[in-house]
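Novice: what would the 3D arrangement of this be:
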Amino acid sequence: MPDPTLYLFDGYNLLHAGGYEDPRELRDTLASFVALKGARGVLVFDGVGTDETHGPLEVRFVKHADTLLERLAAEHRDREHVLLVSSDVAVRGTSGQEVQKLSSKTFLGDLEQTVHREERPRQLRDRLDPETRAALERIRRGER
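Specialist: Modelled structure (predicted):
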């Protein structure tokens, strides 16, 4: 069942708290997280970069990430469940009491516990011996 939450992520705050090598690694992790939850997310970084959309995750670059996070929280908190992920006390304090807040460390700890590891489904070819697989491949190619 889809999660109706809008996740607002403080980019560099999470990047440093999680020890990620670069923003793309964090972006990919968060895009997978919100997609698996059936939620939406906005990852906001201070600075210059190209705004992108990765499935249900928007990546935004602005001069002041805190200001955008506060504005997004205010715009959405009356009509949907908003969860702000930041360790910045000022941002968390000004986002409004209707907004759920998590520190970056707490979120990352919870994230590690919910990481989805999808195993490749067992397929028929995985259960066939090499000789049978080769024979079936020849049939598939129209060889005799």
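
Novice: from here on, just use CA atoms for contacts and neighbour counts.
Specialist: Fine.

Novice: residue 11 versus the closest residue to residue 95 other than its chain neighbours, what's the distance?
Specialist: Leaving aside its sequence neighbours, residue 95 sits nearest to residue 70 (CA to CA, 6 or more residues apart in numbering; 5.2 Å). Computed as CA to CA, to the nearest Å, the residue 70 to residue 11 distance reads 14 Å.

Novice: same question for residue 21.
Specialist: 13 Å.

Novice: surely residue 31 is in contact with residue 55?
Specialist: Yes. The pair residue 31 / residue 55 is scored as a contact, 6.8 Å apart, by CA atoms under 8 Å.

Novice: neighbour count for residue 70 and residue 11, which is higher?
Specialist: Under the criterion of other CA atoms under 10 Å, the comparison of residue 70 against residue 11 puts residue 11 first, with 24 against 19.

Novice: residue boundaries of the helices in this protein?
Specialist: Under the criterion DSSP state H, helices of the chain are mapped to 11-18, 23-37, 65-76, 89-94, 104-114, 130-140.
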